[in-house]
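Chemist: How does the following fold in three dimensions:
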Amino acid sequence: MKITLFTTLALCASSAMAASPQLIGNYGKWSAYKADGVCFAACQPEKSEGNYTSRGDTFLMVSHRPKENVKDEISTIMGYAINTNAPAEILIDDKTKYELQTTPEAAFAKEDTKVATSMKKGMKLIIHATSSRGTLTTDTYTLKGFTKANEAAQKACKS
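Modeler: Sure thing, here's the model as predicted:
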């Protein structure tokens with residue numbers, strides 16, 4: 001199911017798709033969107049680190065699909081093919097760690113509700129992951145504006 005969400009969001013983000021996501025609003029560095037029954041809050045990292053020469057777009061998203069009874073689904077597009085055999089994690093405020101489940105295309109939180117709750121209370125989120133070529137990356141996101149963007153996304157999917 002989560003791979004389907006990634007595919008949907010990737011297609012929505014593509015400029016080639018006719019029906020792109022509708023912006024609900026901007027909240028600090030976070031934005032809320034609605035597209036085809038999926039509402040989500042999304043952000044790009046403030047800082048990306050790693051020994052790489054090129055990398056695609058990177059996003060952190062929290063999605064809601066009420067028709068499927070899905071709320072606060074945490075996912076990230078890393079901008080590279082992910083090494084699914086290497087550990088990947090989210091670290092919130094340098095103290096709370098959560099493991100990520102990976103596919104070659106994206107990573108997903110194993111404990112969506114716990115991560116979303118920590119994100120609402122936190123100030124900074126870091127994602128550590130490894131590319132299929134063995135490059136360790138560190139992406140740092142602000143959580144300022146997350147709560148309002150996530151609430152706006154949830155509200156948009158209820159209407």
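
Chemist: And L143, its phi and psi?
Modeler: Main-chain torsions, L143, degrees, to the nearest 10: phi -110, psi 0.

Chemist: Where do the helices of this structure begin and end?
Modeler: All helices of the chain, identified by DSSP state H, fall at 2-13, 112-121, 146-158.

Chemist: Just the terminal-to-terminal distance for stretch 102-115.
Modeler: Counting by Cα to Cα, to the nearest Å, you get 16 Å between the two ends of stretch 102-115.

Chemist: related to what we said a few turns ago, any idea which of the helices of the chain scores lowest on pLDDT?
Modeler: Across the helices of the chain, the stretch with the lowest average pLDDT is helix 2-13; it has a mean of 44.

Chemist: what bridges to V62?
Modeler: A41, I74 (DSSP bridges).

Chemist: who touches it in this structure?
Modeler: If a contact means Cβ atoms under 8 Å, 6 or more residues apart in numbering, then V62 has 40-42, 72-74, 116, 119, 146, 150, 153 as its contacts. In this view, the C-beta of every residue, glycine as well, is placed from N, C-alpha and C.

Chemist: Look up how far T137 lies from E89.
Modeler: E89 is 12 Å from T137, where distance means Cβ to Cβ, to the nearest Å.

Chemist: Can you pick out the residue with more neighbours from the two?
Modeler: When E89 and T137 are compared for neighbours, T137 comes out ahead with 22 against 14, by other Cβ atoms under 10 Å.
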